[in-house]
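Participant: curious how this folds, go ahead:
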Amino acid sequence: RFDAIRNDDCVVTSIEIRGNERTKSSLIERELRRVYEARTLEGIKDALFLANAALYEYGIFKDVAMVIDADAAERHARLGEKDVPGAKVVVNVEEKDVFNFKAGTFMSRRGEGELELATGLRNPFGYGEKFELEYVRGASSSSTYSALYEQPRLAGTDVSLDARVFQSLECFKKLSSFNV
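Facilitator: All right, here's what the predicted structure looks like:
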């Protein structure tokens, strides 16, 4: 049935967003702005695919599902000289947990065994931001401490802000001929 009506005139008259507990509706709506510019069902579908991909890029959603349906209010929109049927878009999102934690062990480039612990907050204020604290401790006296702030799609642009502060202490005793 979609193939038969894919190029028929149609515009989005309303969008309903469900499931966003922390995420601001404005963040989701910003990614959906192209949907209002579409003039056919095919155009709406393409705009929704782009919006879906952009929302997943934030890394804050487990699932994003979008459905196009006829507008139940029987709304029509004016497109040039004619009235065209309106469509309603329903967006269901499932957010990832706000807290994350990871731990692991690995061998560094210097051949030293290291333990890594990291914890963070994902989307705590609803704008897609991430905060992370990381601690890495080597088997000898190497260690690294870091804090990270990340804001994807800063102010609705394609620019992401990543800010990291860290302190790294490395032990080169194994590589030195000088014995303390």
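
Participant: scan this protein for its longest helix.
Facilitator: Scanning the chain for the longest helix, with DSSP state H as the assignment, gives helix 41-57.

Participant: pull the residues that contact it.
Facilitator: Helix 41-57 has contacts (Cβ atoms under 8 Å, 6 or more residues apart in numbering) with 2, 5-8, 10, 12, 28, 31-32, 34-35, 37-38, 61, 64, 66, 68, 87, 89, 93, 152-153. Where C-beta positions appear, they are placed from N, C-alpha and C, glycine not excepted.

Participant: please list only the buried members of those residues.
Facilitator: The neighbour count (16 or more other Cβ atoms under 10 Å) marks 10, 12, 28, 31-32, 34-35, 38, 61, 64, 66, 68, 87, 89, 93, 152-153 as buried among the contacts of helix 41-57.

Participant: now, the residues you listed that are in strands?
Facilitator: Among the buried ones among the contacts of helix 41-57, the ones falling in strands (DSSP state E) are Val12, Phe61, Val64, Met66, Ile68, Ala87, Val89, Val93.

Participant: export the residues you listed to CSV and tack on distance to Lys130 and pLDDT?
Facilitator: Formatted as CSV, these follow (distance: Cβ to Cβ, whole Å; pLDDT from 0 to 100):
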residue, distance to Lys130, pLDDT
Val12, 31, 90
Phe61, 13, 97
Val64, 18, 97
Met66, 24, 96
Ile68, 31, 89
Ala87, 34, 87
Val89, 27, 93
Val93, 17, 97
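
Participant: let me know the closest of these to Val159.
Facilitator: Proximity of these to Val159 (Cβ to Cβ) peaks at Phe61, which lies at 20.6 Å.

Participant: skipping adjacent residues, who's closest to the residue nearest to the spatial centre of the chain in space?
Facilitator: The residue lying closest to the centre of the chain (Cα atoms, centre = their mean) is Tyr58, at 1.0 Å. Spatially, and ignoring its direct neighbours in sequence, Tyr58 is nearest to Gly128 (4.3 Å; Cβ to Cβ, 6 or more residues apart in numbering).
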